[in-house]
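Visitor: Structure of the sequence below:
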Amino acid sequence: LRLVELDPMQESHYAEAMRMLYLAGERGRALELYERCRRTLHDELGLDPLPATAALAERIRAAERLAPIVAQGDGRELA
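Guide: Predicted structure coming up:
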């Protein structure tokens, strides 16, 4: 995130920070950072994020943390 602050036009910094936030369980913050990236690139450069960055955001957006399904009666997880 510090690199994003130092160089807000460097899209790769956003993508790495998004990955790290997601892996740290901060899915919402990762998606907020993507929106910040999208707005910054659009407002400052008139550009959209690269397809790879947009795809990363979509994968993060689609990922849902589901509790494991537990079989009734025996307490075993079905994964």
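Visitor: Would you map the helices across this structure?
Guide: 2-6, 11-23, 27-45, 51-62 (DSSP state H).
Visitor: Reformat those helices as CSV; add mean pLDDT and mean neighbour count.
Guide: Yep, even glycine has a C-beta here, placed from its N, CA and C like the rest. Compiled in CSV, the helices of the chain are given as follows (pLDDT from 0 to 100; neighbours: other Cβ atoms under 10 Å):
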stretch, mean pLDDT, mean neighbour count
helix 2-6, 95, 11
helix 11-23, 95, 18
helix 27-45, 96, 16
helix 51-62, 94, 14
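Visitor: Check this structure and tell me which residue is nearest its centre.
Guide: Geometric centre of the chain, nearest residue: residue 30, 3.7 Å, by Cα atoms, centre = their mean.
Visitor: Contact partners for the closest residue to that one other than its chain neighbours?
Guide: Distances taken as Cβ to Cβ, 6 or more residues apart in numbering place residue 21 nearest to residue 30, at 3.9 Å, with adjacent residues excluded. Neighbouring residues of residue 21 by Cβ atoms under 8 Å, 6 or more residues apart in numbering: 27, 29-30, 33.
Visitor: Save those residues as a markdown table, and put in distance to residue 2 too.
Guide: Below are the contacts of residue 21 laid out as a markdown table (distance: Cβ to Cβ, whole Å):
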| residue | distance to residue 2 |
| --- | --- |
| 27 | 21 |
| 29 | 15 |
| 30 | 16 |
| 33 | 13 |
